[in-house]
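>>> A predicted structure for the sequence below; I have some questions about it.
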Amino acid sequence: QLHFVESGGGWVQPGGSLRLSCAASGFTLGGYAIGWFRQAPGREREGVSYISGSGVRTNYADSVKGRFTISRDNAKNTMYLQMNNLKPDDTAVYYCAVGKTPLGLGSLRAAEYEYWGQGTQVTVSS
């Protein structure tokens, strides 16, 4: 049975950094596109970043470009989101997600993803 364990969220001051992790069990992430999404109170879920199934292609929302970095470690069956220079607008629940088909190209659209983590809260405030 597929199970995700998300970790790394918490409270940080503006300008700080956090590293989110999403470890999968019961499913092999290798070869599948993976993505990170976030949802703030009263707002729709938005795509933050993705990495293709091959691991070659990455993309980021304009709001996080240059500050966030997505990565994956297929040997550990884990995906990561390094978040630097965090801003109050980054406050949200962050979700990891796995694409529907092998060797997917990835997308910032939630509908392209099949499996979701339980979410981890990130709060940026002074």
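The structure has been received and is ready for your questions.
>>> what separates the residue nearest the centre of the chain from G10, distance-wise?
The centre of the chain sits closest to W36, judged by CA atoms, centre = their mean, with a distance of 2.2 Å. Distance, W36 to G10, using CB to CB, to the nearest Å: 16 Å. Any C-beta I mention is one placed from the backbone N, CA and C, and that applies to glycine too.
>>> cool, A33 as well?
Between A33 and G10 the distance is 27 Å, computed by CB to CB.
>>> more neighbours: these two, which one.
Taking other CB atoms under 10 Å, A33 and G10 do not tie; A33 has more neighbours (26 against 12).
>>> surely S49 touches V64?
Yes. Counting by CB atoms under 8 Å, S49 does reach V64; the two are 6.8 Å apart.
>>> how about the strands in this structure?
All strands of the chain, identified by DSSP state E, fall at 3-7, 10-12, 18-25, 32-39, 46-51, 58-60, 68-73, 78-83, 92-102, 113-116, 120-124.
>>> winner for burial among these?
Burial of those is given as mean neighbour count (mean count of other CB atoms under 10 Å); strand 32-39 ranks first at a mean of 25.
>>> quick one: that strand to chain centroid distance?
Using CA atoms, centre = their mean, to the nearest Å, the mean C-alpha position of strand 32-39 is found 4 Å from that of the whole chain.
>>> which helices and strands does that strand pack with?
Judged by 3 or more CB pairs under 8 Å, 6 or more residues apart in numbering; DSSP states H and E, strand 32-39 is in contact with strand 18-25, strand 46-51, strand 68-73, strand 78-83, strand 92-102, strand 113-116.
>>> with adjacent residues omitted, what lies nearest to L108?
G47 (2.9 Å; CB to CB, 6 or more residues apart in numbering).
>>> wait, what's in contact with that neighbour?
Counting by CB atoms under 8 Å, 6 or more residues apart in numbering, G47 touches G35, W36, F37, A61, S107, L108, R109, A110.
>>> do L108 as well
Per CB under 8 Å, 6+ apart, neighbours of L108: G35, E46, G47, V48, S49, Y50, N59, A61.
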